[in-house]
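Student: Pasted the sequence and its predicted model underneath.
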Amino acid sequence: NAGVMQNPRHLVRRRGQEARLRCSPMKGHSHVYWYRQLPEEGLKFMVYLQKENIIDESGMPKERFSAEFPKEGPSILRIQQVVRGDSAAYFCASSSNRVGTEAFFGQGTRLTVV
Amino acid sequence: EDKVVQSPLSLVVHEGDTVTLNCSYEVTNFRSLLWYKQEKKAPTFLFMLTSSGIEKKSGRLSSILDKKELFSILNITATQTGDSAIYLCAVELDGGKLIFGQGTELSVKP
């Protein structure tokens, strides 16, 4: 079991470009969560997805950010027209969401906007 | 608003010391409380607590939950330099969403 896989591990974008972050959940997991960790802050929930559905996007900024989890392939967190304030570590977690099971985290993608 | 607060925010101890990390919470729809250890990479799972008063142990680490007083503690005995990390407390809500505390940064000196 390869665990939760995120890529790329590091991503550098210029202001105004688009950033695409990928997350492949653990085998057998159909629930994906994205979190953002800003410097000197804790992990903040962004969005919760199941296959082809957004369940809770209460933590997503209203503009420029979107997420999907298609039937086939990884979950994608997309940030359009990036700004310096988007620089952060973005973590993905997956779970089977059976009661009593924990979420497992990927290694994260460190986004730097220059 | 759902809230998880950890204390202290940072802690410096010497090898062999025992430390206690605190986590208090105010949330609706509590499902479980989790502790993670974060070094320079992904948070790694330590414990999941769902019931009050039942201590969970893993080697030198142990944790307990009090659902009446809404807090949990994480104990580390005989600390080692390899225990240096940020320890994150998170409350899982119904639906699976995790609310994290700010973390406690533990530094263990030789």
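Tutor: Received the coordinates, thanks.
Student: quick one: what helix or strand has the residue sitting nearest the centre point of chain A in it?
Tutor: The residue lying closest to the centre of chain A (Cα atoms, centre = their mean) is residue A:34, at 3.6 Å. Assigned by DSSP states H and E, residue A:34 falls within strand A:31-37.
Student: so who does the residue nearest to the centre of chain A touch?
Tutor: A:23, A:46, A:47, A:49, A:67, A:75, A:77, A:90, A:91, A:92 (Cβ atoms under 8 Å, 6 or more residues apart in numbering or on different chains). Using the backbone N, CA and C atoms, a C-beta is placed for each residue, glycine as well.
Student: do residue B:42 as well
Tutor: So residue B:42 contacts A:4, A:91, A:105, A:106, A:107, A:108 (Cβ under 8 Å, 6+ apart).
Student: What separation do you get for the residue nearest to the centre of chain A and residue A:55?
Tutor: 12 Å (Cβ to Cβ, to the nearest Å).
Student: Next, show the common contact partners of these two.
Tutor: residue A:49.
Student: Any idea what the residue nearest to residue A:23 when sequence neighbours are not counted is bridged to?
Tutor: Distances taken as Cβ to Cβ, 6 or more residues apart in numbering or on different chains place residue A:92 nearest to residue A:23, at 3.4 Å, with adjacent residues excluded. Beta-bridge partners of residue A:92, counted by DSSP bridges, are residue A:34.
Student: isn't residue A:92 right up against residue A:37?
Tutor: No: Residue A:92 is beyond contact range of residue A:37, at 11.8 Å (criterion: Cβ atoms under 8 Å).
Student: Looking at the two, which has the bigger crowd around it?
Tutor: residue A:92 (30 against 20; other Cβ atoms under 10 Å in any protein chain shown).
Student: on that earlier part again, per-residue confidence for the residue nearest to residue A:23?
Tutor: For residue A:92, the pLDDT comes out at 95.
Student: got a list of what it touches?
Tutor: A:4, A:6, A:21, A:23, A:25, A:32-35, A:75, A:77, A:105-106, A:108.
Student: JSON lines for these, including pLDDT?
Tutor: As requested, the contacts of residue A:92 are exported to JSON lines (pLDDT from 0 to 100):
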{"residue": "A:4", "pLDDT": "93"}
{"residue": "A:6", "pLDDT": "96"}
{"residue": "A:21", "pLDDT": "98"}
{"residue": "A:23", "pLDDT": "97"}
{"residue": "A:25", "pLDDT": "94"}
{"residue": "A:32", "pLDDT": "92"}
{"residue": "A:33", "pLDDT": "92"}
{"residue": "A:34", "pLDDT": "95"}
{"residue": "A:35", "pLDDT": "94"}
{"residue": "A:75", "pLDDT": "97"}
{"residue": "A:77", "pLDDT": "98"}
{"residue": "A:105", "pLDDT": "90"}
{"residue": "A:106", "pLDDT": "92"}
{"residue": "A:108", "pLDDT": "93"}
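Student: Identify the residues contacting the helix or strand that comes right after the strand holding residue A:34?
Tutor: Once the chain leaves strand A:31-37, the next helix or strand it forms, by DSSP H and E, is strand A:43-50. Strand A:43-50 is contacted from outside by A:30-38, A:54-60, A:65, A:67-69, A:75, A:77, A:91, B:43, B:88, B:90, B:95-100, using Cβ under 8 Å, 6+ apart.
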